[in-house]
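Enquirer: sequence and predicted structure are below.
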Amino acid sequence: MIHILADKNIFQLEKFLPETVNYTLFDPNNALPDDFSPYSAMLIRTVTRINKHTFAGIPDNLTFIGSASSGTDHVDIPYLQSNNITFSSAAGCNARAVAEYIATAIILWGESRSKDITKYTVGVIGVGHVGSVVNELLTKTGLNTVLYDPPRELRDPAFTSASLPGVMDSDILTFHVPLETAGQFATYHWLNEAKLNNREYKLVINASRGGVVDENVITGQLRIGNIGDYIFDVWENEPSFSVKIAKNAFIATPHIAGYSYQAKQNATRMICNAMLDHFGLTVSNSDINHENLITPDLKNGSSLSNILTSIHPIRDYDHKLREICQLPENKRGQAFRDLRTGHPYRMEYPQIYLPVAVLKKYPVLEKLGIKCRA
C-alpha cells in the first residue's frame, strides 16, 4: 500500500488508481504541507512550482513526482534527480486540444476580419508534441505552414527546421515552445521588438507559455501596425495578467487551450501509469472516455463562427476573462484560477456530431474532425 499526495483538481484521479493506492488531496491555492513523511509520491499540476525553495527537506520515502501537464517549466527536474526522485509529465496529453484551439481561433479571426485564411502562411514555432499536431490540423484546414524548431532538428535527423528568416516571413505566428530562460535555444521574450520591427504580421498567437512573447511591446506593435491582431492564452505572471493586453487582444483566455475532457483524462492516465510502473504496481487499463457529444440542431443561417462558438468555449472564456478585468487588482488572480478550473471541459471535435447539411455548408468543420449526424 502506497500513500500519495495529489492536487485536488487532477481530473478523475480515482478512475486511474487501484485500491492499493491511498491518496490525500491538497488545494494548490494553499501552501504545500510541511510534513511529507507520510507520502511516497506526489501528483501536481502547472500551478505548483517545485524547486529547492518551494520544496526543501525532501524525505527519503518520497521517490516520485508526476505533473498532469504537457509542460515542465514549473519543475526543477535536475533538483529532483539530485534527490533521487523520479519525475514524469504528461507530454503530448493535450496536443489535440491545443491544435483545435489554434485552428478555431484562426477561423474565428478570419471570419471576423473578412480574411481568406487559406491565403496566409502560418509559422509554427516549436514542433514537438503539440506543434506537430497543430501543423497537421492547420494543414487539413487548408492553411500553409512553415515549421521552425532548431533544437528538434539537432536531435531528429528526419526533421528539417525552417530558417529564422523563413519563419519570420510568415503572415501568422503561433508558439508551441517551452519557456527556457537561458542557453542556446532560450525562448524567454523570443518574440521581441527587434524581431517585430519593420514586419507586418496579420496575427500572433501564444498558447505555449507566458513570457515567450514579450508582453511589454505587444500593444505598441499593435498600435504602429506591425501586428494586426494577437491572441493570448498564456501570460507572463499567471495568475496575474495584464488588463491592458487582455482588453486589446482579439481573443484572451486563461491558459485553457489544452483544456478538453479527453486531454485531462490523457494527463491523469499518463502520470498515474508512470507512477504505478515506478512502484511496480499494475498499470491501469481504464479507457479514455470517448462518448460522443451530440450537439443540438442549429438555426438555419448560422454562421461558421456561431457554430464553432456553440461547440467550443473559446469565446465564453474570452468574455469571462474580460469581466475579470473589471475586478480590483487583488481579486483578479483568484478569479483567473477559478475560471480555469470551474468551467466544464469541452469535448474534442472528433467526439462531436453535427447535421449533414451543416457540414456540407461548411466543409472546414469536417476537416476539423467533426462527424456527420444522420
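Expert: That came through fine. Numbers count the residues shown, from 1 in each chain.

Enquirer: for the nearest residue to residue 364 once chain neighbours are set aside, give me its contacts.
Expert: Spatial nearest neighbour of residue 364, chain neighbours left out: residue 141 (5.5 Å); criterion: Cβ to Cβ, 6 or more residues apart in numbering. The C-beta positions use only the backbone N, C-alpha and C, and glycine is treated the same way. Contact analysis of residue 141 by Cβ atoms under 8 Å, 6 or more residues apart in numbering lists 103, 107, 117, 364, 367, 368.

Enquirer: let's see 6 Å
Expert: 103, 364, 367 (Cβ atoms under 6 Å, 6 or more residues apart in numbering).

Enquirer: skipping adjacent residues, who's closest to residue 314 in space?
Expert: Per Cβ to Cβ, 6+ apart, closest to residue 314 is residue 104, 5.8 Å.

Enquirer: which positions within the one helix or strand that neighbour maps to qualify as buried?
Expert: Residue 104 belongs to helix 95-112 when assigned by DSSP states H and E. Within helix 95-112, the residues that count as buried by 16 or more other Cβ atoms under 10 Å are 95-110.

Enquirer: cool, and stretch 67-80?
Expert: Applying a neighbour-count criterion of 16+ other Cβ under 10 Å, one finds 67, 68, 69, 70, 71, 72, 73, 74, 75, 76, 79, 80 buried in stretch 67-80.

Enquirer: pretty sure the second one sits against residue 273.
Expert: Which is residue 68. No - contact between residue 68 and residue 273 fails when scored by Cβ atoms under 6 Å: they sit 11.8 Å apart.

Enquirer: hang on, the earlier thing: starting at the chain centroid, how far to the helix holding residue 104?
Expert: Relative to its chain's centre, helix 95-112 lies at 13 Å (Cα atoms, centre = their mean, to the nearest Å).

Enquirer: ok, stretch 304-320 next?
Expert: Chain-centre distance of stretch 304-320: 17 Å, with Cα atoms, centre = their mean.

Enquirer: how many neighbouring residues does residue 336 have?
Expert: A count of neighbours around residue 336, defined by other Cβ atoms under 10 Å, yields 20.

Enquirer: kindly report the same for residue 303.
Expert: Using other Cβ under 10 Å, residue 303 has 11 neighbouring residues.

Enquirer: mind pulling up the pLDDT for the closest residue in space to it that isn't next to it in sequence?
Expert: Excluding the flanking residues, the one nearest residue 303 by Cβ to Cβ, 6+ apart is residue 111, at 6.8 Å. Residue 111 carries a pLDDT score of 97 in this model.

Enquirer: residue 111 contacts residue 305, doesn't it?
Expert: Yes - the criterion here is Cβ under 6 Å, and residue 111 meets it with residue 305 at 4.7 Å.

Enquirer: so what's residue 317 closest to, chain neighbours aside?
Expert: Closest residue to residue 317 apart from its sequence neighbours, by Cβ to Cβ, 6+ apart: residue 253 at 4.3 Å.
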